[in-house]
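K.L.:
got a sequence here, can you build the structure:
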Amino acid sequence: MTRIVEPEAGPRSKRAAILTAAVDCFGETGFEATKWSTVAERVGIGQTALYHYFESKTHCLLTIMRVELQRSHDRFVEATKDAADPVDALRAAVRAAYDVSPQEVLQMRILQNHMDLLSGSRRSKREEDERVAARQLVQVVERDWTNLLVKGMSQGSFPLRDAQLLGAGVLGLIVSVWRWYRPSGPTPLSEVSELIEGACVRMVAS
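P.N.:
Residues are numbered from 1 along each chain as shown. Predicted structure coming up:
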């Protein structure tokens, strides 16, 4: 799998601040509507300084997507590593998917809104490297869920079905939330998590 080596985060590096500002802007007003100069203003740097860290707004977007996919994979692994019972593992994985900060909610909204960006190659090498790494991480995340279901089926906890298709359905249900959920909305994320957890268990174990 292609791995992006993260730059050294020295005390004067603005990279983390740029990513945070970009997530806020892209998540709140949309990628297309966000001016690159607005991100610079939020960080308190000149627009030309952005290009020291990201060669384009799209490069920054692809980086956000790749970082979010890696975070999702890491959270899944951490949540399920000690769950011996497949049903418990499934529940833990779903709960972990919604145990997120408001910033991570924005990251996931950005990711889901721009998945089509991962399908076509980029002319820029740095953009292409990020795209390839993100696309490979999508496959890793899908494999995470498929393997969880295969394990449950092999132990007799889940009925035998097409694990890859079922995993895609479960994952699709989970991530669809980020297209409409807003932290300021009337429904708390804990209620959403409980609803989706129950739905996933019924889909898989019934």
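K.L.:
make it CA atoms for all contacts and neighbour counts henceforth
P.N.:
OK.
K.L.:
distance of the residue located most distally from the centre of the chain from Glu197?
P.N.:
Distance from the C-alpha centroid of the chain, by CA atoms, centre = their mean, peaks at Gly156 (30.4 Å). Noted for Gly156: a distance of 20 Å to Glu197, by CA to CA, to the nearest Å.
K.L.:
for Ala97, same thing?
P.N.:
Taking CA to CA, one finds Ala97 at 10 Å from Glu197.
K.L.:
out of these two, which sits in the more crowded spot?
P.N.:
Remark: of Ala97 and Glu197, Glu197 carries more neighbours, 22 against 18, as counted by other CA atoms under 10 Å.
K.L.:
tell me the contacts of the more buried one?
P.N.:
Arg91, Val94, Arg95 (CA atoms under 8 Å, 6 or more residues apart in numbering).
K.L.:
what distance do you get for it to Val175?
P.N.:
12 Å.
K.L.:
and the host helix or strand of Gln103, what's buried?
P.N.:
Element membership for Gln103 (DSSP states H and E) is helix 102-113. Burial within helix 102-113, assessed by neighbour count using 16 or more other CA atoms under 10 Å, is assigned to Glu104, Val105, Leu106, Gln107, Met108, Arg109, Ile110, Leu111, Gln112.
K.L.:
what's the closest of the contacts of Glu197 to Gly169?
P.N.:
Nearest to Gly169 out of the contacts of Glu197 is Val94 (CA to CA; 13.0 Å).
K.L.:
hmm, Pro102 is touching Pro188, no?
P.N.:
No - taking contacts as CA atoms under 8 Å, Pro102 lies outside contact range of Pro188: 11.9 Å.
K.L.:
low pLDDT regions in this protein?
P.N.:
1-11 (pLDDT under 70).
K.L.:
which helix runs longest in it?
P.N.:
helix 125-154 (DSSP state H).
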